[in-house]
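Student: sequence first, predicted coordinates after that:
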4 protein chains.
Amino acid sequence: MQLIFLEGYPGMASADPKVTLNDINASAERLKNWGRWGADDEIGTLNNISPQDIVNAARLIRKGKVFSLALNFDNQGPQNGRWGNRFNPIHTMLATGTDAVAGRQESVGLRYADDMVSMPLQCGTQWDALGHVFFGEKMWNGYDARLVDANGAHKNGIEKTKDKMVGRGVLLDVARHKGVESLEDGYGISTAELEKCAADQGVEIQRGDFVIVRTGQMERCLKAGDWGGYAGGNAPGLRFETAEWIRRTDMAAICADTWGCEVRPNESDVASQPWHWVVIPMIGISMGEIFYLKDLAADCASDHVYEFFFCAPPLPITRAVGSPVNPIAIK
Amino acid sequence: MQLIFLEGYPGMASADPKVTLNDINASAERLKNWGRWGADDEIGTLNNISPQDIVNAARLIRKGKVFSLALNFDNQGPQNGRWGNRFNPIHTMLATGTDAVAGRQESVGLRYADDMVSMPLQCGTQWDALGHVFFGEKMWNGYDARLVDANGAHKNGIEKTKDKMVGRGVLLDVARHKGVESLEDGYGISTAELEKCAADQGVEIQRGDFVIVRTGQMERCLKAGDWGGYAGGNAPGLRFETAEWIRRTDMAAICADTWGCEVRPNESDVASQPWHWVVIPMIGISMGEIFYLKDLAADCASDHVYEFFFCAPPLPITRAVGSPVNPIAIK
Amino acid sequence: MQLIFLEGYPGMASADPKVTLNDINASAERLKNWGRWGADDEIGTLNNISPQDIVNAARLIRKGKVFSLALNFDNQGPQNGRWGNRFNPIHTMLATGTDAVAGRQESVGLRYADDMVSMPLQCGTQWDALGHVFFGEKMWNGYDARLVDANGAHKNGIEKTKDKMVGRGVLLDVARHKGVESLEDGYGISTAELEKCAADQGVEIQRGDFVIVRTGQMERCLKAGDWGGYAGGNAPGLRFETAEWIRRTDMAAICADTWGCEVRPNESDVASQPWHWVVIPMIGISMGEIFYLKDLAADCASDHVYEFFFCAPPLPITRAVGSPVNPIAIK
Amino acid sequence: MQLIFLEGYPGMASADPKVTLNDINASAERLKNWGRWGADDEIGTLNNISPQDIVNAARLIRKGKVFSLALNFDNQGPQNGRWGNRFNPIHTMLATGTDAVAGRQESVGLRYADDMVSMPLQCGTQWDALGHVFFGEKMWNGYDARLVDANGAHKNGIEKTKDKMVGRGVLLDVARHKGVESLEDGYGISTAELEKCAADQGVEIQRGDFVIVRTGQMERCLKAGDWGGYAGGNAPGLRFETAEWIRRTDMAAICADTWGCEVRPNESDVASQPWHWVVIPMIGISMGEIFYLKDLAADCASDHVYEFFFCAPPLPITRAVGSPVNPIAIK
């Protein structure tokens, strides 16, 4: 596998580089899941969920309490033009109550409102599809990256997961575990810390889990009333070495309350989002980002139950490489 | 309440008018739920779901089998320009694998794809919010219809339901009950027939249920490879009088595999979608439309179990009067 | 005519209020052009241009030198979310050269690129249509404001002017006349100053002219590399009393290098954009905003010729209340 | 130069193939203008226009009569989903008069309407930029086709022509010359015919001209009230061999009242739009399509003057490969 050499990119770690291209290559080869679920697989680690896992997860619904893990989608969202071409959702009306009352709909015979939205699929609470990130010239399961063209992802599109995002959810509330409201930007969470957090919370990551990491960063921004660099700037997050943990545990998906799950500034001088390079295209993990965790975390802290039923169906937009989502946790 | 008098509207029933404005007014007054859950309520019959209902519904997850009830969202959808300004989803790419491989992303340090969508919120599988349909100058719970303006629904927006669309689902497979692949366009389903269908299926509609009616129309169109008049043309569907059944059963929501749930041509000369006039603004029921039911219905026919866990979280688009959705049924 | 009373609006002049509702009402009545060109007119002062004016204007083409007065349309534009729901243009690709070279278009038989744009019609260099601003419940020529509904402007749409934006252009370079690079924000330009500027420049405003005022504000922002409050914040611009001058001169249109032509903070405590209240709906003048004037102004300063042929065709978007435009001045 | 071999593409000429890949290659090499205006040129044959040409063209303004050559942009446009991902313009309102009158804008202090559009840049009356069509792996002037990526055309974008679309226009009314209302679909117009038409009309194509060909096809569709296959289906148009004429005459641009200027079905079994392959990337000609010519043509027939002043400024959308346009002809 050929890798590009980068002279440096905007926002890379300015000092103490840790992750080299050799590290990334070695990790990629070691953790690679290609072919594990057949040559034509397009859903990766979502295969780790069995029907029995879903039945078991249903038993976690004990209080009938429902949590939405989505930010509302509107023009107050975190996008700031800093990264890529993403923008906040644009919601416009196709028909209104003011029209109805003004008598402008008489010919229709129905008084109604109607509306539309234009939005990047990863502008808010979201799933990354497996076609979202490439490694060299390949994507998940070895498909050619060029199969994602201007007509979309001819392999590994989000629509392939339309009935797969159901199972046991586990919250790892690292911020609360560390006794802080929010981890600091640039704070890298290690595997050891994740495991200690889980142990302290009384849960164990199992095969097929949806694992959700709370750093507190989003709540910090919401409290400040200022997104700052939330979208594409610095953030607390998972260290590069946690890729091994993701592969070893055979979880179904990894989610967080940050823009990109992994720590920023990144741990590398030669790659942006080095952990992404490995976990999406090589391990084949689905990733949830910009999850709103405040209410769920408070409830878990209150009843000391950090596992729950999780259902987060993506919009099956054909050939899309992501989807906005309203993830639901139920206890 | 003042009602508009219509001389006639495009597509109204051409013969044998049944439902008059007096009928609509009388039905509206009789079934009105305004104030039932407080003067500031914005979710209507979703209040009928209790935490215990959710716990009970979870016990219906016995096989760990998941069904997506969404059509894929793409330019092959049912919209045809016939009704309103709706169009099929426009999915475009912001970054591609062909760019990545061509070396056009070297300055980013990450090889990735990204995308966006523009879509009417009710162009495919969808929830209607309570702000979608008005009665005279009012909407659900008596709010002024003019509170839905070019900036959206300042009351009764879909975001108010973000953690509410969870509970017991019940399929009423009327087409199979009648022994046909699809009911014919214009066929009106009566309350008596719905009740007989439920009894034959061994289920009873309970307070807080998500009731899903299958007419077979969507599957007929998909089989033909031609949507024809599916969006806004003729269709099988619920008769006007079923509004009473909806109110009496205290269900949480009503859904169907058609564009608009109710029979078309409508049963009225003086109103378009007369059943909508009553059930959304007066009863306050959330409505699901364009649901894909083929696989779920086949499974129910096979195991004779027509109830299931249902989770259909809307995208909480702020002040929206609808939302695309990927409804999930789990048995 | 009934006028709304405003307790105060965000951004109104905080001290020394000059323009009252009585002033606005009086000015509106005095300057009103309704009916002047017939009860069914939808183009207002564009009627002031005669064919002979166009023939005469053509004689101003002496050097064959062409000036584009448009800013480029892209995501670096002036919109900042400060005012209304406007955003900068979103340009996305439907087909790319990277796809072509990657062999992703072989089935088409043509290697090509294609693209689309989403943009508010007044996000950059623009024409305001006569349906853009209302006075009480009316718009230009007395049409009911409610004729502009969610389906657009059923009267006074921009498409009515599709072959009208041609004639003599005159630059009034007020900034250069005052000997500054840019007038300061909040600086109100009076009629006397406009007339003195014209006299010093050796031009006279004539019936049917396209009059273009340069404040230098845009160039100041471009030089600073920061739009700041350009879109909807403070700005130099025309004083309220210049409405009389606009009416008296019978010009065809008024344009400027600012977001809104008139001075901000506005001269009123009780109205936002009080000059707009009068000049668009009552006088019926077409307004050009966000014009890029640097190169044209430099040429005029150099050859002391401040008149030119002007051609600024709007996109005839049906029922639109504005249009992006690339105005062309030719000397 | 490497060319792709096509086994056949949808819509290619089914019988009597005339143009082979060898023909295309030979024509491309023979007519190539690369480097003619410098290695960094991005506007091609628009360089053929001199300032004196513009001065001369101004003298054609004798009556002061203005013609808009644009179709209105709306959802009744010619796009039908047949070709590419193009759709008709979507015009939506951001603020309305119904809101204003309903008192929903009181906090703004201004009663106004505002709107936006989403549209493919080539969905209606349009300019093709020089980055629109590729030859092998190259575009105009030898630039790499991969410079047109998901971020747009880094070379040969439409914004480079923002002050270039001005000069003498010449109408070649081939339909009227042939004595028909409209040429038939599939009718190929030859150079000899174009030259005879010009001679009969008393005009001669000169260096730097904007040449506009009328086939009558658009008017036929408009009269029928049905676009049929106008966008991407069969059409009358220029024959492949007219590429030589385009190169020889050194015109500035070529325009027509059809979707794609050249005859369809195409004259080739191995290429779609073979004339495009040559004239855009090799000759470097700007192309105008979907021009509305009825009124201009009637006037030319009436006064026997087929030349006029032409001003058709594109919207300078940064890095775009096309632009909607309202072309103006003035006599």
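Tutor: Received the coordinates, thanks. Residues are numbered from 1 along each chain as shown, chains lettered A, B, ... in the order given.

Student: kindly export stretch A:72-87 (C-alpha atoms) in CSV.
Tutor: Below are the C-alpha coordinates for stretch A:72-87, written out as CSV (Å, rounded to 0.1, in the frame of the first residue of the first chain):
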residue,chain,number,x,y,z
ASN,A,72,-31.1,20.3,17.0
PHE,A,73,-30.3,21.0,13.4
ASP,A,74,-30.3,24.7,12.6
ASN,A,75,-28.2,27.7,11.7
GLN,A,76,-26.9,27.9,15.2
GLY,A,77,-24.9,24.7,14.7
PRO,A,78,-21.2,24.2,15.2
GLN,A,79,-20.1,24.8,11.6
ASN,A,80,-17.9,27.8,11.1
GLY,A,81,-16.3,27.4,7.6
ARG,A,82,-13.1,26.3,9.2
TRP,A,83,-13.0,22.8,7.7
GLY,A,84,-14.0,21.6,4.3
ASN,A,85,-17.1,23.1,2.7
ARG,A,86,-19.5,22.3,5.6
PHE,A,87,-22.1,24.8,6.6
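
Student: what's the local residue count around A:Val180?
Tutor: 15 (other C-beta atoms under 10 Å in any protein chain shown). To be clear about C-beta, it is placed using only N, CA and C from the backbone, and glycine gets the same treatment.

Student: mind checking the SS state of it?
Tutor: coil (DSSP: H, G, I helix; E, B strand; the rest coil).

Student: apart from its chain neighbours, what residue comes closest to it?
Tutor: A:Gly216 (6.7 Å; C-beta to C-beta, 6 or more residues apart in numbering or on different chains).

Student: next up, the contacts around the closest residue to chain D within the stretch 151-300 of chain A.
Tutor: Nearest to chain D, among the residues of the stretch 151-300 of chain A, is A:Asn151, at 7.5 Å (C-beta to the nearest C-beta). When contacts are counted by C-beta atoms under 8 Å, 6 or more residues apart in numbering or on different chains, A:Asn151 touches A:319, B:93, C:104, D:85.

Student: out of those, flag the one nearest to B:Ala70.
Tutor: Closest approach to B:Ala70 among these (C-beta to C-beta): A:Arg319, at 15.2 Å.

Student: now the closest one. Nearest residue, chain neighbours left out?
Tutor: A:Gly152 (2.7 Å).

Student: per-residue pLDDT of that neighbour, please?
Tutor: Per-residue confidence at A:Gly152 stands at 98 (pLDDT).

Student: isn't it up against A:Ala320?
Tutor: Yes. If you go by C-beta atoms under 8 Å, A:Gly152 and A:Ala320 touch, sitting 6.4 Å apart.

Student: among the contacts of A:Asn151, which are in strands?
Tutor: In strands, defined here by DSSP state E, the members of the contacts of A:Asn151 are B:Met93.

Student: who's in contact with the residue found closest to A:Arg104 once you drop the neighbours it is linked to in the chain?
Tutor: With sequence-adjacent residues excluded and distances taken as C-beta to C-beta, 6+ apart, A:Arg104 is closest to C:Asp149, at 4.4 Å. For C:Asp149, the contact set (C-beta under 8 Å, 6+ apart) comprises A:96, A:99, A:102, A:104, D:93, D:96-98.

Student: most widely separated two among those residues?
Tutor: The widest separation within the contacts of C:Asp149 (C-beta to C-beta) is 13.2 Å, between A:Ala102 and D:Met93.

Student: more neighbours: the two, which one.
Tutor: A direct count of neighbours by other C-beta under 10 Å for A:Ala102 and D:Met93 places D:Met93 higher, at 28 against 22.

Student: for that one, what are its contacts?
Tutor: With C-beta under 8 Å, 6+ apart, D:Met93 has these contacts: A:92-93, B:150, C:148-152, D:113-115.

Student: now the residues you listed as TSV including distance to C:Leu71 and secondary structure?
Tutor: Below are those laid out as TSV (distance: C-beta to C-beta, whole Å; DSSP: H, G, I helix; E, B strand; the rest coil):
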residue	distance to C:Leu71	secondary structure
A:Thr92	24	strand
A:Met93	28	strand
B:Ala150	26	coil
C:Val148	26	strand
C:Asp149	30	strand
C:Ala150	29	coil
C:Asn151	29	coil
C:Gly152	25	strand
D:Ala113	23	coil
D:Asp114	19	strand
D:Asp115	19	strand
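
Student: which one of those residues is nearest to A:Asp40?
Tutor: A:Thr92 (40.0 Å).

Student: and the closest one, how many neighbours?
Tutor: When neighbours are counted by other C-beta under 10 Å, A:Thr92 comes out with 22.

Student: that one is in contact with D:Ile90, isn't it?
Tutor: No. With contact defined as C-beta under 8 Å, A:Thr92 does not count as touching D:Ile90 (9.6 Å).
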